[in-house]
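>>> Structural data only, the sequence is not supplied:
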């Protein structure tokens, strides 16, 4: 139905995706992001300054939607954002002591993906850069 989000979609998801689109376009305009053959990060600094905050917002939406199942009921949106942006505080450290093992693992996994894996993967343009092209493949190419 027009004007109403899908039942399983978080109400803020379109806003987060819109901000991410704008940041990607800005990166494209300033030659810090390439969009062919896929989104390619040409500047890790640009990723951290302009894309990372929006991807953190996207991850926060996931955690808000699944926090009961993940054992993260005590966490609010600002708590998740602070955790995912590597900005700990005494209040959050205290809350983490009560989180289930699964909850801590999910938070750690999200931090690793957002800060390390995504920028690494999106900086590789093809199988050679990923290290997936074997010597035989290279000879055939």
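That came through, no problem. None of the values given here were measured: they were computed from a predicted structure. Numbers count the residues shown, from 1 in each chain.
>>> Show which residues not belonging to stretch 35-55 make contact with it.
Outside stretch 35-55, the residues that touch it by Cβ atoms under 8 Å, 6 or more residues apart in numbering are 16, 19-20, 23-24, 26-28, 30-34, 85, 114-115, 118-119, 122-126. C-beta coordinates here come from the backbone N, C-alpha and C atoms, glycine included.
>>> if you set the cut-off to 7 Å instead, what comes out?
By Cβ atoms under 7 Å, 6 or more residues apart in numbering, the residues outside stretch 35-55 that reach it are 16, 19-20, 23-24, 26-28, 31-34, 114, 118-119, 122-123, 125.
>>> and the nearest residue to residue 100 once chain neighbours are set aside, what does it touch?
Counting by Cβ to Cβ, 6 or more residues apart in numbering, residue 71 is the residue found nearest to residue 100 once chain neighbours are left out, at 3.3 Å. Residue 71 is in contact with 99, 100, 102, 103, counting by Cβ under 7 Å, 6+ apart.
>>> Which strands and helices lie in contact with whatever helix or strand the third one lives in?
With elements taken from DSSP states H and E, the one containing residue 102 is helix 101-112. Using 3 or more Cβ pairs under 7 Å, 6 or more residues apart in numbering; DSSP states H and E as the contact criterion, the elements in contact with helix 101-112 are helix 52-70, helix 77-84.
>>> Now render these as TSV, adding mean pLDDT and distance to residue 107.
TSV is the format used below for the helices and strands packed on helix 101-112 (pLDDT from 0 to 100; distance: least, Cβ to Cβ, whole Å):
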stretch	mean pLDDT	distance to residue 107
helix 52-70	92	8
helix 77-84	89	6
